[in-house]
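A.B. asks: Give me a model of this one.
(one chain, ligands or ions: 1)
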Amino acid sequence: MRILAVSGSLRRGSHNTDLLRGAAAAAPDGIEIELYHGLKEIPPYDADDDRPGDLPAAVERFKAALAEADGILISTPEYNSSIPGVLKNALDWASRPLAESPVRNKPVAVLSSSTGMLGGVGAAAETRKVLGALGARTLEETVAVPKADVRLANGIDAELLAELRAVVDALAAAVDTRAALAA
Ligand SMILES: Cc1cc2nc3c(=O)[nH]c(=O)nc-3n(C[C@H](O)[C@H](O)[C@H](O)COP(=O)(O)O)c2cc1C
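C.D. replies: As a prediction, the model looks like this:
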């Protein structure tokens, strides 16, 4: 089973990217979690450039990676009480044409972390709302890490690893359910 991991933060020391790496480490045998590195190359959404068969190369790559994945795991920070622009922009590209969106009917779990007290739960909720508009099967299971600079200062501890494992297990179960329904 292949899970595509997408971080809403581009910075090198991102706590959200760390969470995705933790989820990859926590995943059981048979579940491969691959981190997507190309979000920064995706241009701002422009409907004039949204031509099927002639998309910007970075958008083509992103949509192909989403399509090839069995499930998607997103981890997002909160920027000014909302979704970081790069993540929303990438999801906007992935949303058209709506009936053919590569996330349509695909299981997606959303994690969050922030240096604030709430761990980015607002941004995660908004990300789930956007994913709903795209027709994704968005899971309620989540992990939110508040005060991430303190909590993750020494890496991901065993308790957090277990929480991440629970989300990965739920995502894998949703992928299996989807496959069973399609069979
Ligand atoms: C532009 C900007 C806006 C932010 N707004 C919020 C916010 O509304 N709520 C919050 O909890 N943290 C906010 N933060 C702090 C981020 O949660 C913090 O920088 C976090 O570590 C970013 O995630 P990352 O480590 O994955 O890059 C903001 C940070 C930036 C750069």
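A.B. asks: Let me know the average pLDDT across stretch 81-100.
C.D. replies: Per-region confidence: stretch 81-100 scores 96 on mean pLDDT.
A.B. asks: measure it end to end?
C.D. replies: Between the opening and closing residues of stretch 81-100 there is a gap of 30 Å (Cα to Cα, to the nearest Å).
A.B. asks: give the contact list for the closest residue to the ligand within the chain.
C.D. replies: Of all residues in the chain, Gly116 sits closest to the ligand, at 2.5 Å by Cβ to the nearest ligand atom. C-beta here means a position set from N, CA and C on the backbone, and glycine is covered the same way. Counting by Cβ atoms under 8 Å, 6 or more residues apart in numbering, Gly116 makes contact with Glu78, Pro146, Lys147.
A.B. asks: give me the element the residue nearest the centre of the chain is part of.
C.D. replies: Centroid-nearest residue in the chain, with Cα atoms, centre = their mean: Ile74, separated by 1.7 Å. Element membership of Ile74, judged by DSSP states H and E, is strand 71-76.
A.B. asks: Following element in sequence after that strand, please.
C.D. replies: In the C-terminal direction from strand 71-76 (assignment by DSSP H and E), the next one is helix 85-94.
A.B. asks: so that following helix versus strand 71-76, what angle?
C.D. replies: Taking axes from the mean of the first three to the mean of the last three Cα atoms, to 10 degrees, one finds that helix 85-94 is oriented at 150 degrees with respect to strand 71-76.
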